Every structure is written in structure tokens, then in C-alpha cells.
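Chemist: what would the 3D arrangement of this be:
(one chain, ligands or ions: 2)
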Amino acid sequence: MFELAPSILSADFTRLAEEIEAARAGGAKVLHVDVMDGHFVPNITIGLPVVRSIRKATDMVIDTHLMIEEPGRYAVEFVKAGADMVSVHVEADAHLNRTLTAVRDAGAKAGVAINPATPIESLSEALNYADFILVMSVNPGFGGQKFIPSTLDKLRRLKSVVQSRGLAVQIEIDGGIDETNIAEVVEAGADLIVAGSAVFGGGDATTSIKGLIEKGTVWV
Ligand code: DX5
Ligand code: ZN
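Modeler: Ligands and ions are numbered 1, 2, ... in the order given. Coordinates of the predicted model:
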């Protein structure tokens, strides 16, 4: 089975509590929060104060995706703000062991995010102390981009490495996922599937989530 993680990046921030409640009502248990710093990615979004507010508003699992440089400076702060999961980019952190261990010690799940052009071989060591890997299926920075098809093969290869090494590492996928391709990413091995514009980009979020879960469940 897979879990759906709606990304609030495409939500209406003036009605954030309502949007989160609509996502929960549709069956989502995880909320994906995209943190961007304008350096690691060419966009600036939200940070610690918003995570603190969301923590007060919901008991959903808060999954913070840090698209920031030097994420080790902030990762534990996000756990203290209420995040249950924190991912940092392999391309942005020269001290992954230190960062992931600190996140775990602070009581959250520690993840490594990986850009489309970064090979899975760069995760070889970190797989030993990560709880999850976030595979980017678009270049990070913006919602509403097109899914990069070669990600499916990358996902299959990563799943096979995780299984062959007998690891309990979960695989998350993020970017360009909608009703037309969710079944393929489930089939390729994704455990947690992020969807932003397909959930909040128009129409009712509750209905959109139910549609995505239904389309993804066909292959399970
Ligand atoms: C992109 C973010 C994604 C984004 C996904 O950099 O990491 O989480 O919100 O949005 P969609 O589903 O619209 O591609
Ligand atoms: Zn994300």
C-alpha cells in the first residue's frame, strides 16, 4: 500500500487550515511541506513559523522537505517546530550522517532527497542511516511541473537496492504526479507519493485526493 502526501505548496495560504482539513477528509494522513531558500532552488516559500502553526492545527504527519543550502543548520529546528519527517538534499549536505542522526535523535524520521540528475549510487552509504529517500521526479523549485519519465526506472532500481540489502527504508516520490501516472509510480515501488497541483491546483481537494488514491490502488 502507499500513502498520499498532499503538498501545501499549491494550496491557498489564506485558507490553509481549511485546505489541510480538506486533504485529511480525503484520506491523506501525511502533509508535505516544501521549504525553499532561494539559493538551493530558485524560489522562496515558507519556514519554521508556518510549520509551528500547522502543528497546532492538525495531528497529520508533517513531512518537511528542505530544499535549502546547509540543511544541517536547520533540520533539528524543524523537528522542534513539529515536523515528524525531515528530508535534506544529498546535493546540499556534506555532513549527511551528522544531520540525519541529529534528526533521528530529536525524534523524527530522517530522509535524503535526491534530484533527477543525481545518481542513486550517491545514496549508498546514507541508506544505512536514513528512514526514507525522497526521489525528485521534477527539478525542485516549483509546483505544477511535468513528471520526468526516467524517474520510474530510477525508482525501480532504488527499490531493488533497498530490498536486496534488506533495509526498512521507505521511498517517497515528489513532482508531477497526477491521476494519469500515479499507478505507474506505485507499481515502480513508491511508498509515499507527493501531489501538489493535482490536489490543490483547482477543484475540491477532498475529491482530488480520493481520485488519486483510487487510481493508485488499482495496481496494488
Ligand atoms: C517541488 C516540490 C514539490 C511540489 C510538487 O520542488 O518539492 O513537493 O510541491 O508539486 P506538483 O505535485 O504540482 O508537482
Ligand atoms: Zn517537495
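
Chemist: report how many residues lie close to whichever residue of the chain sits closest to ligand 2.
Modeler: Nearest residue of the chain to ligand 2 (Cβ to the ion) works out as His65 at 3.7 Å. In this view, the C-beta of every residue, glycine as well, is placed from N, C-alpha and C. Using other Cβ atoms under 10 Å, His65 is surrounded by 28 other residues.

Chemist: pretty sure it is touching Val112, no?
Modeler: No - shown here, His65 and Val112 do not form a contact pair, counting by Cβ atoms under 8 Å, at 11.1 Å.

Chemist: overlap in contacts, those two.
Modeler: Counting by Cβ atoms under 8 Å, 6 or more residues apart in numbering, the common neighbours of His65 and Val112 are Ser87, Leu134.

Chemist: partners of the residue nearest to Ile68 when sequence neighbours are not counted in the sheet?
Modeler: Distance criterion Cβ to Cβ, 6 or more residues apart in numbering; nearest residue to Ile68, sequence neighbours excluded, is Asp37 at 3.9 Å. Judged by DSSP bridges, the bridge partners of Asp37 are Ile44.

Chemist: can you report phi and psi for the residue in the chain positioned nearest to ligand 1?
Modeler: Closest to ligand 1 within the chain is Gly196: 2.7 Å, counting by Cβ to the nearest ligand atom. Note on Gly196: its backbone torsions stand at phi -110, psi -80 [degrees, to the nearest 10].

Chemist: apart from its chain neighbours, what residue comes closest to it?
Modeler: Ser7 (3.5 Å).

Chemist: so what's that neighbour up against?
Modeler: Contact partners of Ser7, counting by Cβ under 8 Å, 6+ apart, are His32, Val33, Asp34, Gly143, Asp174, Val194, Ala195, Gly196, Val199, Phe200.

Chemist: do the same with Ile148
Modeler: Pro116, Ser137, Val138, Gly175, Gly176.

Chemist: for the residue of the chain closest to ligand 2, pull up the helix or strand it's in.
Modeler: strand 61-67 (DSSP states H and E).

Chemist: say whether ligand 1 is contacted by that strand.
Modeler: Yes - if you take Cβ under 6 Å from any ligand atom as the test, strand 61-67 does meet ligand 1, through His65.

Chemist: pairing partners for that strand, with directions?
Modeler: Sheet neighbours of strand 61-67, with direction, are listed as strand 30-36 (parallel), strand 85-89 (parallel) (DSSP bridges).
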